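>>> pasted the sequence and its predicted model underneath.
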Amino acid sequence: MKFRKSIFFFFCCNLTVSTVLSQTQKLHLNKEGTKPVGFSQVVVANPGKTIFLSGQVPIDGLGKISPDFEQQTVQVYENIQKALATAGATFADVVKMQIFVVGFTPKKLEIIQKTRSRFIDNEQPPATTLVGVSSFFRPDVKIEIDAIAVVN
């Protein structure tokens, strides 16, 4: 089987981009007439060093996991922060996050949003997807988050 490189272009309707991107600039865009809370619908990042973080789970430095969902959420964001720092990045460099939650409920969304606001700039948040799942590799893990960051 032969594989060939393809370039995909995604076009979003009703988006206006009037800013020219510099080497380190990212644009956070939303469709005209919308302003989602806690995420951007579109993030455009210039080429740079792209960092892909595997799903971060709430295991602390001692290998333990709290049974409390809020504590697990805080631990996941702290683990992301450490992983980003290892690659020379911060939350400001994150352009995409995917959040996976076991037994998703509106109460869990409130906890995630409250915790996330401690780490992420709510004026220019990353594009984000949240998915409810049935389970993870360990039954005591209730949340996992992966991320993509772009730095110069």
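Yep, it's here. All of these numbers come straight from a predicted model, not from anything done at the bench. Numbering: from 1, shown residues only.
>>> and residue 123, how many neighbours does it have?
7 (other Cβ atoms under 10 Å). In short, each C-beta sits where N, CA and C put it, glycine included.
>>> and it, that one's in a helix?
No - under DSSP: H, G, I helix; E, B strand; the rest coil, residue 123 falls outside any helix and is assigned coil.
>>> gap between it and residue 132?
27 Å (Cβ to Cβ, to the nearest Å).
>>> likewise for residue 102?
8 Å.
>>> before we move on, what about residue 138?
From residue 138 to residue 132 the distance is 17 Å (Cβ to Cβ).
>>> can you check residue 151 too?
Distance from residue 151 to residue 132, by Cβ to Cβ: 31 Å.
>>> ok, these two, which is more surrounded?
The residue with more neighbours, out of residue 151 and residue 132, is residue 151; 17 against 12, by other Cβ under 10 Å.
>>> does that one touch residue 84 like I think?
No - using Cβ atoms under 8 Å, residue 151 makes no contact with residue 84, being 9.1 Å away.
>>> now for these two: what residues contact both?
51, 93 (Cβ atoms under 8 Å, 6 or more residues apart in numbering).
>>> torsion angles phi and psi at residue 102?
phi -80, psi 130 (degrees, to the nearest 10).
>>> neighbours of it, how many?
Residue 102 has 18 nearby residues by other Cβ under 10 Å.
>>> any idea how far the closest residue to it other than its chain neighbours is from residue 69?
Leaving aside its chain neighbours, residue 102 sits nearest to residue 142 (4.8 Å; criterion: Cβ to Cβ, 6 or more residues apart in numbering). Per Cβ to Cβ, residue 142 is found 5 Å from residue 69.
>>> neighbour count: these two, which is higher?
residue 142 (25 against 20).
>>> so what's that one up against?
58, 69, 72, 101, 102, 103, 136.
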